[in-house]
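*Asks:* Sequence first, then the predicted structure, then my questions.
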Amino acid sequence: MTPADPPDPIQDAALAAQLLLIAPASFGGMALRGSSPARDLLVQAMGESGAIRKLPGHIDDERLLGGIDIAASLSAGRPIKQSGLLAEAKGGLLLVPMAERMGDAIAGRLAQALDQGDISLILLDDGREPDDSPPASLMERCAFHCNLTHSRAATPINLTAKTALDLGAVDPLEDEALEALAATAAALGVHSLRPLLAAGQAARAHAALTGRRVPSQTDLAVAARLVLAPRATQLPPAEEHQQEDTPADPPQDHGDEREDTDSKRPDQTLDEMLVEAAAATIPADLLAQLAKGQAPRKSSGSGSGQRRKSGVRGKPLSARPGMPHGGARLALIDTLRAAVPWQAIRRREQPGAERNAILTRKDDLRVRRFEEKAARVTIFAVDASGSAAAARLAEAKGAVELMLAQAYVTRSEVALIAFRGDNAELLLPPTRSLTRARRALAELPGGGGTPLAMGLNAAREAAISVRARGRTASLVFLTDGRGNIAADGAPGRKQAKEDAEAAAKAIAREGIDALVVDISARPGPDAPALADLMQARFLALPRADAKSLHGAISAMQPARSAA
Amino acid sequence: MARFPFSAIVGQDEMKQALLIAAVDPSVGGVMVFGDRGTGKSTAARALAGLLPQISAIADCRYGCTGEQRGTCPDPCTSGRVRKRDVPFVDLPLGATEDRVIGSLDLERALRAGEKAFEPGLLAKAHRGFLYIDEINLLEDHLVDLLLDVAASGENVVEREGLSVRHRAKFVLIGSGNPEEGELRPQLLDRFGLSVEVRTPEDIETRVEIMRLVAANERDPAGFAEKWAGEDEKTLKQIARGKAKLAKLEPGEDVLTDAAQLCLAVGADGLRGELTLMRASRALAALDGARSVKREHLIAVAPSALRHRLRRDVLDETGSTARITRAIDELFG
């Protein structure tokens, strides 16, 4: 490695892990993003310095919180409680693999336990896209966020170094230090107070680690770097930063900067120095995002559908009281569990009962529940007529492919309808397959008249059938809004317009999310009028390229239609 | 149904090579086979299981403990005898329930004896062997999550139904699927060490040959197996020799540099690609009985080891395989 290379991210992660181990409860934990060998090594090292319990994604409430031990209760004839994983792991570390897939229910429980200071978490985050991250409630409570995706570390890590001082022996932060941290947080756009408190704690822990009774500027800089920088939602106010010119480049010189932090330049106040130290470590991709003016981790309508409860399939949820019918299956264990505490009483009420029988009542019955994520289907209806130039078609194809590229993360699907000549054709039924979509798109022909009404009707029908299968549909029309073929296939501008208007109103009545994109070189009044009738959004992209089109579609996703 | 002999599979050399590498060095981390239906994916995976040297495990242990691991499984196993057994090959059906995969409370024992006992699932069964999932791209998300975690950590942790159980679950994951029917989550894809693409053989001669062999197998499975037993025996010995040889092979500095350069050139980020490339070349060298790991081994495994790790550019029509071959040509001429 050349000396110009920035230090490997594992160094900061290992430092964060050391600080975490000093006072697990007050830091809440750490989030490690990116599945790399380095991450495995770090987790292994943390395991060596204390017991780690693992929290599998399929854990149920019963095991998490504790409850009645059904087998023991049955044999004892009285309810016997058993403790849950949270109680068992009290005071220790809880390892959460694939935290980005965690359900809200478990996240809520964990957040509660974190607030009580019972446990601290190591969140392993395998997400790939910016939206694909662990629950915000937990990220907020975990002091350290480290991204190890690009770490190249391959040698075992040692975290067993003794701390030089007890944390209790370190003085609380002075006012000046507190103000500096607060100013740094403000400059980076970190608004929540939790990270600020954690940063203060991190400064003290670092002082303890290095044997300083009074936290120094170095300690504060480390805290700003480890806790505040990864959460930055804005770039610090412009100074004569070299990053300004090349915001996407990782800073090259922060290896030196770290040593320099104590010898602050005379013209720099403490908080300026901290901001600089923190800014120097904002990851390159985050920096690029910030430079574009996008706050990270904000739901930008990932395109995934709404969640819904299902009695038949999906991820198992906790059981609930009810009768097994309509496909809902009996949750035997939960039913027995509900019945067990009452056995002694029921036996008294019913002296004639068989000795070994478990006396159950209707109220005991529990049914299984599953969670199914309703997939979102984006239906593209593309005007492939002669009036839409061939180049426009290529852009539409590009946008469909970009949507699909996201699809395997968000589990959304894409369908494609093309209308030209005298028909509208479903070229691509809802799919997640990139391979299929690419082929269908490559075969998409262009030219001929514009059967706009047909295209609208076909899109509406497709949306309705998508809905009937329990999924969320949204429509994207790429057209100039100028039809010349009527709904029955007859040419004629007047009839075509009337039919198209009727078809647009029908879409509005169904309350389907829609977007009309006019991609003709000279946008006219027809497409906006059409959008109006459809109660759809309108977008004119006279020079649309695939990327900006994709951006526009993503932006529309979170909104539900008014109807 | 009688298993089709591995050696009798016509063509599909890359897939066979990948499966053999996984058999020699399980740490390569699984094989993903992409391809149309009817290309011999399942046949090859199932055939491989019959080719592996037996393993020794505590008699009747449901978790496949080795002699040294006696009594360390949840049961715990107590038998003093160590027996040879076939390498486990577990077929995970698409519709499998979570209970079946990770294991669950043994209801019968709970109700009858009031005992809380764990009934091990398919993951326990697959320990030290192979877990095969056909059409893995259609597997339900929550099962994928579960598999990902276990495949990565090598142990199955069960915390449900009042049970708190952990047991070893190290297996070679073999998946197959047709990308036309749905994409695989990139996280899962990344867990596979090697990925191969298979195609239906297009030339008439090969197709006829395949039909002839399959017909012969159907007519007289026992005789057919016998006919190929010699060939299969050879492969079995080759694997056993390769396994023994593996520990003695250490890729030299030059091969490591080649691996790093290639990964850089094709844009496969992360260290995992390099590690897999290195391990797979070593396993191939061991299979070949070579004295050292050479560049030719690296080149032979590179497409399988890297194909699924390239950063995806949806608008780039060039296939991953082509990009890798191009980079190999440019780097090593």
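*Replies:* The structure has been received and is ready for your questions.

*Asks:* My guess is A:Ala164 contacts A:Ala208. True?
*Replies:* Yes - at 6.9 Å, A:Ala164 counts as touching A:Ala208 under the criterion of CB atoms under 8 Å. Every residue, glycine included, has its C-beta placed from N, CA and C.

*Asks:* So which of the two has more stuff around it?
*Replies:* Ranked by neighbour count (other CB atoms under 10 Å in any protein chain shown), A:Ala164 and A:Ala208 place A:Ala208 first, with 23 against 12.

*Asks:* Find the residues that touch each one of A:Ala164 and A:Ala208.
*Replies:* Counting by CB atoms under 8 Å, 6 or more residues apart in numbering or on different chains, no residue touches both A:Ala164 and A:Ala208.

*Asks:* Regarding the residue in chain A that chain B sits nearest to, what is its secondary structure?
*Replies:* Nearest to chain B in chain A, going by CB to the nearest CB, is A:Ser75, at a distance of 2.7 Å. The three-state assignment at A:Ser75 reads helix, by DSSP: H, G, I helix; E, B strand; the rest coil.

*Asks:* What score does it have for pLDDT?
*Replies:* With respect to pLDDT, A:Ser75 scores 70.

*Asks:* measure it to A:Ile333 for me?
*Replies:* Remark: distance between A:Ser75 and A:Ile333 (CB to CB, to the nearest Å) = 16 Å.

*Asks:* and the chain, what are its domains?
*Replies:* I'll assume chain A. What automatic domain parsing lists as the domains of chain A is A:9-160, A:162-294, A:307-373, A:376-556.

*Asks:* Chain B was what I was after
*Replies:* By the assignment in automatic domain parsing, chain B contains the domains B:6-52+B:87-198, B:253-332.

*Asks:* any idea which of these is most buried?
*Replies:* Of all the domains of chain B, domain B:6-52+B:87-198 has the most neighbours on average by mean count of other CB atoms under 10 Å in any protein chain shown, namely a mean of 21.

*Asks:* Is that domain in proximity to chain A?
*Replies:* Yes - Domain B:6-52+B:87-198 comes into contact with chain A (CB under 8 Å from any CB of the partner chain), by way of B:98, B:102, B:105, B:107, B:109-111, B:113-117, B:140-142, B:145-146, B:148-149, B:152-153, B:157-164, B:166, B:179-187, B:190.

*Asks:* is it true that B:Arg100 touches B:Leu123?
*Replies:* No - in this structure B:Arg100 lies outside contact range of B:Leu123 using CB under 8 Å: 9.7 Å.

*Asks:* Pull up the overlap in contacts between these two.
*Replies:* Counting by CB under 8 Å, 6+ apart, B:Arg100 and B:Leu123 have no common neighbour.

*Asks:* Mind checking which of A:Ser75 and A:Ile333 has more residues around it?
*Replies:* Neighbours per residue (other CB under 10 Å) separate A:Ser75 from A:Ile333, with A:Ile333 holding more: 21 against 14.

*Asks:* lowest confidence element among the helices and strands of the chain?
*Replies:* Assuming you mean chain A. The weakest-scoring helix or strand in chain A, judged by mean pLDDT, DSSP states H and E, is helix A:254-260 (a mean of 41).

*Asks:* nope, chain B
*Replies:* helix B:107-113 (a mean of 71).

*Asks:* Can I get it in PDB? Just the C-alpha atoms.
*Replies:* The C-alpha trace of helix B:107-113 is given here as PDB (Å, rounded to 0.1, in the frame of the first residue of the first chain):
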ATOM      1  CA  LEU B 107     -44.100 -31.600  20.300                       C
ATOM      2  CA  GLU B 108     -44.700 -35.300  20.900                       C
ATOM      3  CA  ARG B 109     -42.200 -35.400  23.700                       C
ATOM      4  CA  ALA B 110     -43.400 -32.100  25.100                       C
ATOM      5  CA  LEU B 111     -47.000 -33.400  25.300                       C
ATOM      6  CA  ARG B 112     -46.300 -36.900  26.400                       C
ATOM      7  CA  ALA B 113     -43.400 -36.600  28.700                       C
END
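
*Asks:* Would you confirm that A:Ala221 contacts A:Val275?
*Replies:* No - using CB under 8 Å as the test, A:Ala221 is too far from A:Val275 to be in contact (10.0 Å).

*Asks:* Scan chain B for its longest helix.
*Replies:* Looking across chain B with DSSP state H, the single longest helix is helix B:221-246.

*Asks:* Now that one: buried residues?
*Replies:* Using 16 or more other CB atoms under 10 Å in any protein chain shown as the test for burial, helix B:221-246 gives B:Phe224, B:Ala225, B:Trp228, B:Asp232, B:Thr235, B:Leu236, B:Gln238, B:Ile239, B:Gly242, B:Lys243, B:Lys245, B:Leu246.

*Asks:* where do the helices sit along the stretch 351-500 of chain A?
*Replies:* Applying DSSP state H, counting those that start in this stretch to the stretch 351-500 of chain A gives helices spanning A:390-410, A:434-442, A:452-468, A:493-510.

*Asks:* what's the third one packed up against?
*Replies:* Okay, so that is helix A:452-468. On a contact count with 3 or more CB pairs under 8 Å, 6 or more residues apart in numbering or on different chains; DSSP states H and E, helix A:452-468 meets strand A:376-383, strand A:413-420, strand A:423-431, strand A:472-478, helix A:493-510.

*Asks:* mind putting those in a markdown table, distance to chain B included?
*Replies:* What follows is the helices and strands packed on helix A:452-468, written out as a markdown table (distance: least, CB to the nearest CB, whole Å):
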| stretch | distance to chain B |
| --- | --- |
| strand A:376-383 | 14 |
| strand A:413-420 | 10 |
| strand A:423-431 | 8 |
| strand A:472-478 | 17 |
| helix A:493-510 | 28 |
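
*Asks:* for A:Leu188, what are its contacts?
*Replies:* A:Leu188 makes contact with A:Leu228, A:Ala229, A:Arg231, A:Ala232, A:Thr233, A:Gln234, A:Pro236, A:Val275, A:Ala278, A:Ala279, according to CB under 8 Å, 6+ apart.

*Asks:* Neighbours of the fourth one, how many?
*Replies:* In this case it means A:Ala232. A:Ala232 has 24 neighbouring residues, counting by other CB under 10 Å.

*Asks:* What pLDDT is listed against it?
*Replies:* Confidence score, pLDDT, at A:Ala232: 84.

*Asks:* I figured it hits A:Ala278, correct?
*Replies:* Yes - with contacts counted by CB under 8 Å, A:Ala232 reaches A:Ala278, the gap being 7.3 Å.

*Asks:* Just say helix, strand or coil for A:Pro134.
*Replies:* Using three-state DSSP, the structure places A:Pro134 in coil.

*Asks:* in what helix or strand does A:Leu94 lie?
*Replies:* strand A:93-96 (DSSP states H and E).

*Asks:* Output the helix or strand just after that strand in CSV, but only the C-alpha positions, please.
*Replies:* Of the helices and strands lying after strand A:93-96 in sequence (DSSP H and E), the nearest is helix A:104-115. Taking C-alpha atoms only, helix A:104-115 is exported to CSV below (Å, rounded to 0.1, in the frame of the first residue of the first chain):
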residue,chain,number,x,y,z
ASP,A,104,-40.2,-3.4,13.5
ALA,A,105,-41.7,-5.4,16.4
ILE,A,106,-38.3,-6.8,17.4
ALA,A,107,-36.6,-3.5,16.9
GLY,A,108,-39.1,-1.9,19.3
ARG,A,109,-38.4,-4.4,22.0
LEU,A,110,-34.6,-4.0,21.6
ALA,A,111,-34.9,-0.2,21.6
GLN,A,112,-36.7,-0.5,24.9
ALA,A,113,-34.0,-2.7,26.4
LEU,A,114,-31.3,-0.3,25.1
ASP,A,115,-33.0,2.6,26.8
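
*Asks:* the residue most distant from the middle of chain A, which is it?
*Replies:* Distance from the centre of chain A peaks at A:Gly352, with 57.0 Å (CA atoms, centre = their mean).

*Asks:* can you pull out the helices in chain B?
*Replies:* Taking DSSP H, the helices of chain B run over residues B:13-24, B:41-49, B:98-102, B:107-113, B:122-126, B:141-153, B:186-191, B:204-219, B:221-246, B:253-266, B:271-288, B:295-306, B:320-332.
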